[in-house]
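Novice: what follows is a protein structure lacking sequence information:
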């Protein structure tokens, strides 16, 4: 059956591009879901048109690799909403997301999926609806629960990159430890006021311990600094860029380094950590 699907895809494609309307028709004609149709198209070297602007920056083979990648996002609020949006638009094929929280009015100034008509609703469920609207070929696994050690270990097994979009230090440190033990790269981001930071930790690194030391505060600096709308958007984009580079094995990473962002003074500094071991 997949051979027939491949034949039909090649028949429908124009200049090695496949329109969304044709993907839907192929799904209806063959009984395969959109995810299988898109996977087969990329395997044949045929690019869905919505990824056309990715070409030259990444290859079709790399787009196919992203579609077969698995990324977890811990937190669906300020950072997490933007992270999930950009991963889905990039065509990362499987996104798993955690968040037990619900939208409140104070989220409206900065959280991408926060709207007046979904106040009181689950952030994970809102993220699932958003992904379905912008890229229904992506598999989204939403977990409306707190991120805890045992379930975290279970659900993160097989994940290739984890993105930290949390808002408290205690859970961040637990996440860093789980990722280290499971040998999963962790892309950390934190925000507050006009400021943000980004770093990437690999197995064997103690990056977050160096950043936070013995800080026992449960909340981050946003409690004192507030959060402006453009800060999570920028930091989330940098986190997604790090994740995509890890998945594709390209470029320089912020491993052993921390990027500090000061948007009030338009100052970005990358600081080398003394040691990541």
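Specialist: Structure received. Model, not experiment: these values are computed from the prediction.
Novice: quick check: the nearest residue to residue 207 once chain neighbours are set aside vs residue 46, distance?
Specialist: Closest residue to residue 207 apart from its sequence neighbours, by C-beta to C-beta, 6 or more residues apart in numbering: residue 201 at 4.0 Å. Using the backbone N, CA and C atoms, a C-beta is placed for each residue, glycine as well. Per C-beta to C-beta, to the nearest Å, residue 201 is found 37 Å from residue 46.
Novice: ok, those two, which is more surrounded?
Specialist: residue 201 (27 against 20; other C-beta atoms under 10 Å).
Novice: and the strands in the chain?
Specialist: 17-18, 47-48, 70-74, 94-98, 139-143, 161-164, 186-192, 195-201, 257-262, 267-272 (DSSP state E).
Novice: using JSON lines, lay out those together with distance to residue 59 and mean pLDDT.
Specialist: Conversion of the strands of the chain to JSON lines gives the following (distance: least, C-beta to C-beta, whole Å; pLDDT from 0 to 100):
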{"stretch": "strand 17-18", "distance to residue 59": "15", "mean pLDDT": "97"}
{"stretch": "strand 47-48", "distance to residue 59": "10", "mean pLDDT": "97"}
{"stretch": "strand 70-74", "distance to residue 59": "19", "mean pLDDT": "98"}
{"stretch": "strand 94-98", "distance to residue 59": "20", "mean pLDDT": "97"}
{"stretch": "strand 139-143", "distance to residue 59": "23", "mean pLDDT": "97"}
{"stretch": "strand 161-164", "distance to residue 59": "19", "mean pLDDT": "98"}
{"stretch": "strand 186-192", "distance to residue 59": "23", "mean pLDDT": "97"}
{"stretch": "strand 195-201", "distance to residue 59": "23", "mean pLDDT": "97"}
{"stretch": "strand 257-262", "distance to residue 59": "27", "mean pLDDT": "97"}
{"stretch": "strand 267-272", "distance to residue 59": "28", "mean pLDDT": "96"}
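Novice: contacting residues for the residue lying closest to residue 114 once chain neighbours are set aside?
Specialist: Closest residue in space to residue 114, ignoring its immediate chain neighbours: residue 107 at 4.1 Å, by C-beta to C-beta, 6+ apart. Going by C-beta atoms under 8 Å, 6 or more residues apart in numbering, residue 107 touches 77-78, 114.
Novice: of those - the most surrounded one?
Specialist: residue 78 (27 neighbours).
Novice: in the chain, what helix or strand scores lowest on average pLDDT?
Specialist: Lowest mean confidence among the helices and strands of the chain (mean pLDDT, DSSP states H and E): helix 222-225, at a mean of 69.
Novice: about what we covered before: the residue nearest to residue 207 bridge partners, please.
Specialist: Note on residue 201: beta-bridge partners residue 186, judged by DSSP bridges.
Novice: all good on my end, thank you.
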